[in-house]
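Okay, here's the prediction I keep looking at, along with the sequence it came from:
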Amino acid sequence: MLKMKILRVITSMNPKSGGPCQGIRNSIPHINKLGIVNEVVCMDNQSVRYDTNDNFIIHKIGKGKTSYQYQPLLYNWLINNALNYDCVIVQGLWQYHNLAVYNAIKFLKRKNVKVPKVVIMPHGMLDPYFQKASDRKWKALRNEIVWRFLEKKCINQAEALFFTCQEELNLASTTFKGYNPKKTMNVGYGIQAPPENNFEFKKAFEQKCSTIQGKKYWLFLSRIHEKKGVDLLIKAYDIICQQNSSLPELVIAGPTDSHYAQEMIALTTHNPKIHFSGMLQGDAKWGAFYGCEIYLLPSYQENFGIAIVEAMACKKPVLISKNINIWKEIEDGDGGWILNELNINSIKEQLLNISFIDNEVIITRGENANNVYKNEFDVENCADVFVNALKTL
């Protein structure tokens, strides 16, 4: 019996590009075990090297032009190679790779050949937040135009839309007129179990963040971006530092080469309890998770939040906003604290409350968080759901 062969199409597989490429890396090993062969085509340059151990084929077509990532070589590659696959999965929206798949499949259909099924995973990019946020007026207008002329037909012609959680699926139908996909499915989204904690992780993390040695700390680990609420977190933490001198330190982990990240660093120069570690990967990342008291992500919008679930898998409770689409699962499992409102005062009040909680309660919440991970976000369970969904198409 021939194995099913699927092609993932994504703008970039560079780990710095965010969650979707990490989601691919998390899921492929387990999907392979279920008889599915995975390959990826992306618009990275051949010279780009990832600091990852990928055991699947990645085809690099070359970087596209403008923020839309227009790269005609992708269309040509798909025309020549798409028929080698049973299914093409588009990861993410609003960039050329989605239109390239649509046009290539449309062209191949005219040849009266059996074309692969097309599935689109929006990864939260149909969330109404992106059309309503006050700082995104021009981008929202651009999305509206792209939706009317391009994205709508891609979505409505695809065999199915796969969503990573129920909240994402529900919100997607509220954003644009003319949204009428053939099929929508919540296939879940999982992470691999973290490696067992060991001293090397602690050592690797402290090499990246030497100022934290021997200190208790809270952890923010994500892109340092306006959307993540980093400025609110820093300002709230600053205030409670003045009210509770024994407060755990605050570690902010993420790439620091952006203008916004540099602004955040400048915002903290007066407070020695706030530490920027830079981007953490591998042992250093796991060391940061295992060593922290709690994990923090007061984001304005997050579809899933892989780092949140990684923290939970390390038995750490999480403090997140209600703007993160997996908040309900975490609240139901008592795996942390949910911010109903996202502002400096609400973060301050919640952090202040946490600072006075007994350590035993923190540990219990961490155990609860781990149970939520096992029940809802374990990658092996999600791989089963994903493959069964593919087989229904």
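Arrived safely.

Provide the strand pairings for the helix or strand hosting Glu39, with the direction of each partner.
Taking DSSP states H and E as the definition, Glu39 sits inside strand 36-42. Next to strand 36-42 in the sheet, as set by DSSP bridges, lie strand 4-10 (parallel), strand 57-60 (parallel).

so of these, which one's packed in deepest?
Highest mean neighbour count among the strands paired with strand 36-42 (mean count of other CB atoms under 10 Å): strand 4-10, with a mean of 22. For every residue, glycine as well, the C-beta is placed using N, CA and C.

After that one, which helix or strand is next?
Next along the chain after strand 4-10, taking DSSP H and E as the criterion, comes helix 19-33.

so how far is that next one from its chain's centroid?
Computed by CA atoms, centre = their mean, to the nearest Å, the separation of helix 19-33 from the middle of its chain amounts to 12 Å.

What count of nearby residues applies to the residue lying closest to Gly254 once chain neighbours are set aside?
Of all residues not flanking Gly254 in the chain, Ile224 sits nearest, at 4.2 Å (CB to CB, 6 or more residues apart in numbering). Neighbours of Ile224 under the rule other CB atoms under 10 Å: 24.

Lys153 too?
Lys153 has 15 nearby residues by other CB under 10 Å.

Quick check: phi and psi at it.
Backbone torsions for Lys153, taken as degrees, to the nearest 10, come to phi -70, psi -30.

Nearest residue to it in space, ignoring adjacent ones along the chain?
Counting by CB to CB, 6+ apart, the residue nearest Lys153 is Tyr102, at 6.9 Å.

Wait, that neighbour touches Lys152, no?
No: using CB atoms under 8 Å as the test, Tyr102 is too far from Lys152 to be in contact (10.7 Å).

And the two? Which one has more around it.
Using other CB under 10 Å, the more surrounded residue of Tyr102 and Lys152 is Tyr102, with 22 against 16.

so what does the helix or strand harbouring that one touch, helix or strand wise?
Tyr102 is part of helix 96-109, with elements assigned from DSSP H and E. Judged by 3 or more CB pairs under 8 Å, 6 or more residues apart in numbering; DSSP states H and E, helix 96-109 is in contact with strand 4-10, helix 72-81, strand 87-91, strand 117-121, helix 152-157.

and those as TSV, adding distance to Thr392 and mean pLDDT?
Formatted as TSV, the helices and strands packed on helix 96-109 follow (distance: least, CB to CB, whole Å; pLDDT from 0 to 100):
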stretch	distance to Thr392	mean pLDDT
strand 4-10	13	95
helix 72-81	24	96
strand 87-91	12	96
strand 117-121	11	97
helix 152-157	18	96
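
Count residues in the vicinity of Thr175, would you?
Neighbours of Thr175 under the rule other CB under 10 Å: 18.

Trp138 too?
By other CB under 10 Å, 8 other residues sit near Trp138.

Nearest spatial neighbour of Pro272, chain-adjacent residues omitted?
Residue nearest to Pro272 in three dimensions, not counting chain neighbours: Thr211, with 7.9 Å by CB to CB, 6+ apart.

Could you do Asp135 as well?
In space, and not counting its chain neighbours, Asp135 is closest to Glu226: 7.2 Å by CB to CB, 6+ apart.

if we can go back for a sec, which ones are touching the residue nearest to Lys153?
Residues near Tyr102 by CB atoms under 8 Å, 6 or more residues apart in numbering: 118, 153-154, 157.

hmm, back to that, rounded mean pLDDT for the strand holding Glu39, please.
In this model, strand 36-42 carries a mean pLDDT of 94.

Next, the residues that contact that strand from outside, please.
With contacts defined as CB under 8 Å, 6+ apart, strand 36-42 is touched by 3-13, 21, 24, 28, 31-32, 56-61, 74, 77-78, 81, 85, 387, 390.

Check stretch 65-79 too.
Contacting residues not belonging to stretch 65-79 are listed as 9, 11, 41, 43, 59, 61-64, 88, 94-97, 100-101, 103-105, 107-108 [CB under 8 Å, 6+ apart].

Can you turn the buried part of these into a ChimeraX selection?
Burial among the contacts of stretch 65-79 is assessed by 16 or more other CB atoms under 10 Å; the matching ChimeraX selection reads:
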select :9,11,41,43,59,61,63,64,88,94,95,96,97,100,101,103,104,105,108
